[in-house]
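Student: Provided below are the primary sequence and the corresponding predicted coordinates.
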Amino acid sequence: MECVLLHPVCLSLDTELRQNALSMLADYLHGYALAMSCQSGNELKVDMLSGPLAFYMRALQKMVK
């Protein structure tokens, strides 16, 4: 598997922490997708994910160190 910057599996996390990180990421992305599909206008954009996802990955990286 090729490591992608926003992929918790590429970090050296133990199995439980990796599963929790993936579950949290999936929940966040599902919530964002639901919000995008329910919006009446065009306020939410996919590119708005970069900041929150970068924050999420930095937090995970600090847990490894």
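Tutor: Received the coordinates, thanks.
Student: Distance of the most centrally placed residue in the chain relative to Asn42?
Tutor: Centroid check for the chain by CA atoms, centre = their mean gives Leu25 as the closest residue, at 3.9 Å. Distance of Leu25 to Asn42, computed by CB to CB, to the nearest Å: 25 Å. Bear in mind the C-beta positions are built from the backbone N, C-alpha and C, glycine included.
Student: Where is the longest helix in this structure?
Tutor: Ranked by number of residues, the top helix in the chain under DSSP state H is helix 15-38.
Student: So which elements touch it?
Tutor: Packing contacts for helix 15-38, counted by 3 or more CB pairs under 8 Å, 6 or more residues apart in numbering; DSSP states H and E, involve helix 50-64.
Student: and the helix it packs on, how far out from the chain's middle?
Tutor: Relative to its parent chain, helix 50-64 has a centroid offset of 8 Å by CA atoms, centre = their mean, to the nearest Å.
Student: That one: which residues count as buried?
Tutor: Buried residues in helix 50-64, counted by 16 or more other CB atoms under 10 Å: 53, 56-57, 60.
Student: which one of these is nearest Ala21?
Tutor: Nearest to Ala21 among those: Leu60, at 5.7 Å, using CB to CB.
Student: pLDDT wise, what is that closest one at?
Tutor: We have a pLDDT of 86 for Leu60.
Student: my guess is it meets Leu13, correct?
Tutor: Yes. The pair Leu60 / Leu13 is scored as a contact, 7.1 Å apart, by CB atoms under 8 Å.
Student: Mind listing the shared neighbours of these two?
Tutor: Ala21 (CB atoms under 8 Å, 6 or more residues apart in numbering).
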